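Visitor: When you get a sec, could you give me coordinates for this:
(chains A and B)
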Amino acid sequence: MSLLQVRNLTKSFGGNMAVDDVSFDLSAGELLALIGPNGAGKSTTFNMVGGQLAASRGRVLFDGKDLLGMPSRRIARLGIGRTFQIAATFASLTVLENVQMALWSHHGKVFSFLRRASGQYRPQALALLEQVGMADQAGRPCSELAYGDVKRVELAMSLAGDPRLLLMDEPTAGMAPAERNALVGLVKKLVVERNMAVLFTEHSMDVVFAYADRVIVLARGQLIAQGSVEAVRSHPKVQEVYFGTGKTFMAAAPAAGAST
Amino acid sequence: MHLTGFIVQFLNGLAEASSLFLVAAGLSLIFGVSRIVNFAHGSLYMLGIYIAYTIVEQWGGSVAGFWASLAAAALIVGMLGALVEATLLRRIYQAPEMFQLLATFALVLIFNDLALWMWGPDDLLGPLAPGLSGSIQIFDRYIPAYDLALIFIGPLVLLGLWLLLNHSRWGTLIRAATQDREMLGALGVNQAWLFTGVFALGAFLAGLGGALQIPRQPASLMLDLSVIGDAFVVVVVGGMGSIPGAYLAALIIAELKALCIALGVVEIAGMAVAFPKLTLVVEFIFMAFVLIFRPWGLLGKPLGMVRQTSRPDAPLQPAGRGLRALALLLLLAFAALPLLSAAFPYAAVLAQDMLLAMLFAASLHFMMGLGGMPTFGHAAYFGIGAYCAALLFKSAGLGMSGSLLAAPVAAGLAAAVFGWFCIRLTGVYLAMLTLAFAQIIWSIVYQWDEVTGGSNGIVGIWPEAWLSGAAYFYFTLFVVAAAVLLLRHMAFTPFGYALRAVRDSALRADAIGIHVKGVQWAAFIIAGLFAGLAGALYVFSKGSTSPEVITVGKSVDGLVMVLLGGIQTLSGPLVGAMAFTALQDYFVGITEYWRALFGAVILLIVLAFPQGIAGFFKQLAGGGRSRA
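Guide: Have a look, this model is predicted:
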């Protein structure tokens, strides 16, 4: 059985079907890319799986447990890490404290009022920072970091809970091409080392085609293709969505298909 | 109660609604565009009455002269508003929200003393309006003709504002600025003039609201704070920035109050319920209900975005050797004071007040600074602590130690109940709900004569013999030092970090599994508990307590202490509390106009040292943070 099973996931905002009957699977040790043009419903799908947004219909099973309706912090505690399109870290804490905070939370120390925090889970936090290549900046405030580095810290934080599944919404948005490859390469390495499942969205096709094990394609809320990189790349519907059909300007274009 | 009584009270309510609306509309307009919660709005209203009083004395003989006087008074207040915006507020739009609040609070102090200087301390009652001085019979009762006129003025102003906002270019700009002022600036609109104009209009409305009260209400120095409380409630209930919402809210609140008066004392299930007593609190109860069910107010929308402009706090660091030495020195200095009582008999009394202020400010900082939860009602927990200690000691005969232990627990429990509602909100709305709860507590304490002694309070609560005199001072010193150190220590425990984490990014905190609301609730309770401890200690040091300890003014004092000292540091609230207590004491001694002097000092700090006293010295000492 797959680690994550998404079945008939649907979200409508008023009459607008942002995500329409989407189903897919994700297994441990797999790096799955979710791609699609702007407005395809990628972030909405992410937010429903992560619990930040309530679904209109469908099921999301993680290791057999239904995630829908569960508060997002409980989903996090099941072992699902998450990074955001606009990286979110704690600006007034240092890099090290950010990661320590994630560890304290994971180990149920949030409501610990008496023991001084700084020494707790410090080696583990440093080890995580080592993994993402941020150990040398451990003492800096997060507010001073370059954006690419903030994204690394965010990754380290989401790894603190020993996640079996990582949800990464545009992990490389706002990064330079070289940085992008480095970050996704790092994620790929973690997937193999930790036998972790990763679902990520990405606009850079180079990155997707270089690292993803499998790709699913959304367009206008519907899943139009899924499969290996090669299969998706040559899929006619995907090409239609990304490159257009050439029919857009014809007088009587057939209604079927999405033309962008 | 007859039907006619209800009708007359209903009409009274309509007249009150018009007055409330004028003040609230200006406040709402200013907030919508500048995002400044203008504490001085009530002062502008108060100045409106005073100025109108003076002009009416000159011109008010004829009908035309009377109304021209009111218009002139409103115009003068409007110009004063423009002046304030251009010289002061314009400099602090980029400052954190709480600093803007502090600056406008300084204006409250300055305007109050200005009025005292120009018009003296006595209430001034203006003449009746020529042509509208009679009463009109409604069934078997009479209602002043002026009140009936007032009923129509509110909707007329509403119509005028609506036309201005929806059918003029300037109005379109105001609405655009309310949604996204940076974008408007990027489009090339001169924001400076727009903001000055809006502030002048808002001040004009406040001044008009005040001037119109001339025949109904004497000009008094108490009006500023009482009016601002009502105006805040109306704006929050109606929805920040919504003008029709302000009218709707003013209408509902004025009618609720009128209804309470009309009902009188009613027998309900064998209990006599005095509804008129509820008038002091009904608006706050209503606001609490509205905020719980409609967090953005009746006609409000979630606030448009304001991009984060203030820099995030620097990471907190445990006290270094220098700070520890300084703290020890301070502790020794406090301890030495009673020994010097021969030379400075007053020093220990002042120091005692300082200590309690320090604990109060530190508890406030815990939720406001570390937790990012602003509150206008922290005095409630101080007051609950004070009254519980007094009641347990006097009525329940619990003894001093028992009362001192139980009172903070009671304050913590109250914080648990109120906090459960408050943590659902953020920012200004959260602050207003805390204010509502504080006002409810105040109103209960103020009116429940049999138990709390009403406005007289409770007297004769002195510590036991072994703790009298200097011993009680040392006891306070020990308890406050221990409590402050504990609060400080908590900032460095995982909970303290979680509190700051939740403040920095609730989204991220939630995504790593932190129970965001749970952390905020716990911080709320801890802050309430320690404020309650300060209150309990206060009662035994003064020997009495009165409703004054729960007023808005007391809560604002706490805010001033925290911001004065520097909200971004842990020692800030302590330094601020000491400076506040000492300055206030000193200024009261040297001049009648100590409030204005104090306001000037606050403005100086806001403009020149926005990081607060402690923050300023930290910057001087460090020159910058060392990198680990």
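Visitor: Only the buried residues of whichever strand or helix holds B:Val23, if you could.
Guide: According to DSSP states H and E, B:Val23 maps onto helix B:3-34. Within helix B:3-34, the residues that qualify as buried by neighbour count (16 or more other C-beta atoms under 10 Å in any protein chain shown) are B:5, B:8-9, B:11-34. Using the backbone N, CA and C atoms, a C-beta is placed for each residue, glycine as well.
Visitor: Tell me how many other residues crowd whichever residue of the stretch 101-250 of chain A sits closest to chain B.
Guide: At 3.2 Å from chain B, A:Gly139 is the closest residue in the stretch 101-250 of chain A, using C-beta to the nearest C-beta. A:Gly139 has 14 neighbouring residues, counting by other C-beta atoms under 10 Å in any protein chain shown.
Visitor: Low-confidence stretches in chain B?
Guide: Along chain B, segments meeting pLDDT under 70 span B:1, B:303-311, B:622-628.
Visitor: Please, where are all the strands along it?
Guide: Assigned by DSSP state E, the strands in chain B fall at B:135-138, B:141-144, B:265-268, B:271-274, B:458-459, B:544-545.
Visitor: So which of these is the most surrounded?
Guide: Mean neighbour count, computed with mean count of other C-beta atoms under 10 Å in any protein chain shown, is highest for strand B:544-545 among these, reaching a mean of 22.
Visitor: what does chain B put close to chain A?
Guide: Applying C-beta under 8 Å from any C-beta of the partner chain, we find that chain B lies next to chain A at B:311-316, B:318, B:489-490, B:492-498, B:500-501, B:503-505, B:507-516, B:518-519, B:522, B:625, B:627-628.
Visitor: got the buried residues for stretch B:125-135?
Guide: Buried positions in stretch B:125-135, judged by neighbour count with 16+ other C-beta under 10 Å: B:Gly126, B:Leu128, B:Ala129, B:Pro130, B:Leu132.
Visitor: B:Pro215 is in contact with the first one, correct?
Guide: Same thing as B:Gly126. Yes: with contact defined as C-beta atoms under 8 Å, B:Gly126 reaches B:Pro215; the gap is 6.2 Å.
Visitor: Can you name the residues that contact the residue sitting nearest the centre point of chain A?
Guide: The structure's chain A has its C-alpha centroid closest to A:Met168; by C-alpha atoms, centre = their mean the separation is 1.7 Å. A:Met168 makes contact with A:Arg82, A:Thr83, A:Leu155, A:Val187, A:Val198, A:Leu199, A:Phe200, A:Thr201 under the criterion C-beta atoms under 8 Å, 6 or more residues apart in numbering or on different chains.
Visitor: Give the burial count for the last one, as a bare number.
Guide: The criterion is other C-beta under 10 Å. On that basis, A:Thr201 has 23 neighbouring residues.
Visitor: Next one: it from B:Leu477, what distance?
Guide: A:Thr201 is 59 Å from B:Leu477, where distance means C-beta to C-beta, to the nearest Å.
Visitor: next one: the fourth one
Guide: To B:Leu477, A:Val187 is 56 Å away according to C-beta to C-beta.
Visitor: which of those two has more neighbours?
Guide: Each of A:Val187 and B:Leu477 has its neighbours counted (other C-beta under 10 Å); A:Val187 has more, 22 against 18.
Visitor: Now do the helix or strand that contains that one: which elements does it pack against?
Guide: Per DSSP H and E, A:Val187 falls inside helix A:177-194. For helix A:177-194, the packing partners by 3 or more C-beta pairs under 8 Å, 6 or more residues apart in numbering or on different chains; DSSP states H and E come out as strand A:31-35, helix A:122-132, helix A:147-159, strand A:197-201, helix A:205-211.
Visitor: please redo it, this time with the cut-off set to 10 Å
Guide: Applying 3 or more C-beta pairs under 10 Å, 6 or more residues apart in numbering or on different chains; DSSP states H and E, we find helix A:177-194 packed against strand A:31-35, helix A:122-132, helix A:147-159, strand A:165-168, strand A:197-201, helix A:205-211.
Visitor: quick one on the thing from earlier: please produce a PyMOL select command covering the buried subset of the contacts of A:Met168.
Guide: Buried residues within the contacts of A:Met168, by 16+ other C-beta under 10 Å, are selected in PyMOL with:
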select buried, chain A and resi 82+83+155+187+198+199+200+201
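Visitor: would CSV of the contacts of A:Met168 with pLDDT and distance to B:Val409 be doable?
Guide: As requested, the contacts of A:Met168 are exported to CSV (pLDDT from 0 to 100; distance: C-beta to C-beta, whole Å):
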residue, pLDDT, distance to B:Val409
A:Arg82, 90, 39
A:Thr83, 90, 42
A:Leu155, 93, 44
A:Val187, 91, 50
A:Val198, 94, 49
A:Leu199, 94, 48
A:Phe200, 92, 50
A:Thr201, 90, 50
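Visitor: Name the nearest of the contacts of A:Met168 relative to B:Val281.
Guide: B:Val281 has its nearest neighbour among those in A:Arg82, at 44.5 Å by C-beta to C-beta.
Visitor: Just the element for that closest one, please.
Guide: Using DSSP H and E, A:Arg82 maps to strand A:80-83.
Visitor: returning to what we had before: export the strands of chain B as JSON lines, with columns for distance to A:Asn16.
Guide: JSON lines is the format used below for these (distance: least, C-beta to C-beta, whole Å):
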{"stretch": "strand B:135-138", "distance to A:Asn16": "54"}
{"stretch": "strand B:141-144", "distance to A:Asn16": "54"}
{"stretch": "strand B:265-268", "distance to A:Asn16": "51"}
{"stretch": "strand B:271-274", "distance to A:Asn16": "51"}
{"stretch": "strand B:458-459", "distance to A:Asn16": "62"}
{"stretch": "strand B:544-545", "distance to A:Asn16": "59"}
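Visitor: Tell me which of those sits nearest to B:Gln100.
Guide: Comparing the strands of chain B against B:Gln100 with C-beta to C-beta, the closest turns out to be strand B:544-545 (32.5 Å).
Visitor: Just checking: what are the partner strands of that closest one?
Guide: Partners of strand B:544-545 in the sheet, by DSSP bridges, are strand B:458-459 (antiparallel).
Visitor: what's the strand it pairs with in contact with?
Guide: Contacts to strand B:458-459, defined as C-beta atoms under 10 Å, 6 or more residues apart in numbering or on different chains, come from residues B:386-387, B:389-391, B:393-395, B:445, B:451-453, B:539, B:542-546.
Visitor: same deal with stretch B:265-280?
Guide: Here stretch B:265-280 makes contact (C-beta under 10 Å, 6+ apart) with B:1, B:256-264, B:282, B:285, B:439-440, B:442-444, B:446-448.
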